[in-house]
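> Build me a model from this:
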Amino acid sequence: MTGSKDERKAGPVRGELSVFALEGIPEVAAGDDLAGLIAVAAEVADTAVAAGVAAGTLLRDGDILAVTSKIVSKAEGRLRAATDREQAITDETVRVVASRAYPGGVTRIVENRQGLVMAAAGVDASNTPEGFVLLLPVDPDASARALCTALRARTGLRLGVVITDTAGRPWREGQTDIAIGAAGVAVLDDLRGTTDAHGRRLDVTAPAVGDEIAGAADLVKGKASGNPVAVIRGLGRLVLPLPAVDPVAAGSGVVDRGAAILLRPSENDMFRLGSAEAEALGYDRGYAAGLAAGLTAAEADLP
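Residues are numbered from 1 along each chain as shown. Have a look, this model is predicted:
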């Protein structure tokens, strides 16, 4: 939903969500002030001040900015010369989850240095100069915190930031954007212990709202539109204070641990390996166990 400037300033009614791309952000290069570029893109000609709206800006209190990881990486100088993208993927890989050969190459699903499980370790060769690849931010949550802190200081608004990247999903075709970094936003809406409309206790319900925000933002950002930032309005309840040191938001009772809280611990991952890799591992272990048992039995038969 784009809407006019007046509609954006008026804000959504209760139960309404609005999402619009923030246009006018130029090509980003290493060392650029990303918060400054975003703030300038949000400026408007008039300076009328409505309730909760900073003078001269499209942004308002409680807005969440979804920022494509690509421009964060570019600003942080994560562009790397790489004649062989596959080697760059290997360098960023901590653990191989699954790999499949296809005509012309191999698809690798891996866990990367950021703890994310995704194709190609998040190494991106699109919209980059020939012979270069773009790596993900070293610490997406730290990047989000720095950006959120700078934007709040510049605008005086209570804003949240979600850094997004594109990922595939098990059991589903296609890709969607997910939250890989966040600051000032509750990315997991934990409803466990509450009750549903019929009074039944909810024991496992915890919507990954950070990923839902990222997916909604991608609908207006697009992949080739040149609009790497979207504004999500209507979710002010998810926007948290930015504590100076302690990650527990003072007085809120809500922990701001960034998007890292969405990473499932390996001990709870029921699909830690791809099917072919799990089958091969099971075969190897079974073969080794059978061989050991056979040797034991043979030794027992010796006089």
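
> which other helices and strands contact the helix or strand hosting V72?
Secondary-structure element containing V72, defined by DSSP states H and E: helix 69-75. If contacts are counted by 3 or more Cβ pairs under 8 Å, 6 or more residues apart in numbering; DSSP states H and E, helix 69-75 sits against helix 34-41, strand 132-134, helix 140-155, strand 160-169, strand 172-183. The way it works is simple: take the backbone N, C-alpha and C, and place the C-beta from them, glycine included.

> In CSV: those, plus distance to I71, mean neighbour count and mean pLDDT.
Converted to CSV, the helices and strands packed on helix 69-75 look like this (distance: least, Cβ to Cβ, whole Å; neighbours: other Cβ atoms under 10 Å; pLDDT from 0 to 100):
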stretch, distance to I71, mean neighbour count, mean pLDDT
helix 34-41, 7, 19, 95
strand 132-134, 10, 20, 92
helix 140-155, 10, 21, 95
strand 160-169, 9, 24, 94
strand 172-183, 12, 21, 94
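
> would CSV of those with distance to I261 be doable?
Output for the helices and strands packed on helix 69-75, formatted as CSV (distance: least, Cβ to Cβ, whole Å):
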stretch, distance to I261
helix 34-41, 23
strand 132-134, 25
helix 140-155, 9
strand 160-169, 13
strand 172-183, 9
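
> Relative to E16, which of these is closest?
In terms of Cβ to Cβ, the element of the helices and strands packed on helix 69-75 nearest to E16 is strand 160-169, at 17.8 Å.

> name the helices or strands packed onto the closest one?
Using 3+ Cβ pairs under 8 Å, 6+ apart, the elements in contact with strand 160-169 are strand 64-68, helix 69-75, strand 117-119, helix 140-155, strand 172-183, helix 209-221.

> and R257, which of these is closest to it?
helix 140-155 (7.8 Å).

> Okay, angle between that closest one and strand 160-169 too, please.
150 degrees (axes from the mean of the first three to the mean of the last three Cα atoms, to 10 degrees).

> and helix 140-155, how far from the chain's centre?
15 Å (Cα atoms, centre = their mean, to the nearest Å).

> can you give me the mean pLDDT across stretch 296-303?
Mean per-residue pLDDT for stretch 296-303: 69.

> right, I mislabeled it, should have said stretch 213-221
Mean predicted confidence for stretch 213-221 is 95.

> hmm, who's touching it?
Residues from elsewhere that reach stretch 213-221 (Cβ atoms under 8 Å, 6 or more residues apart in numbering): 1-2, 17, 19-21, 64, 66, 68, 162, 164, 166, 176-179, 185, 187, 227-230, 232, 235.
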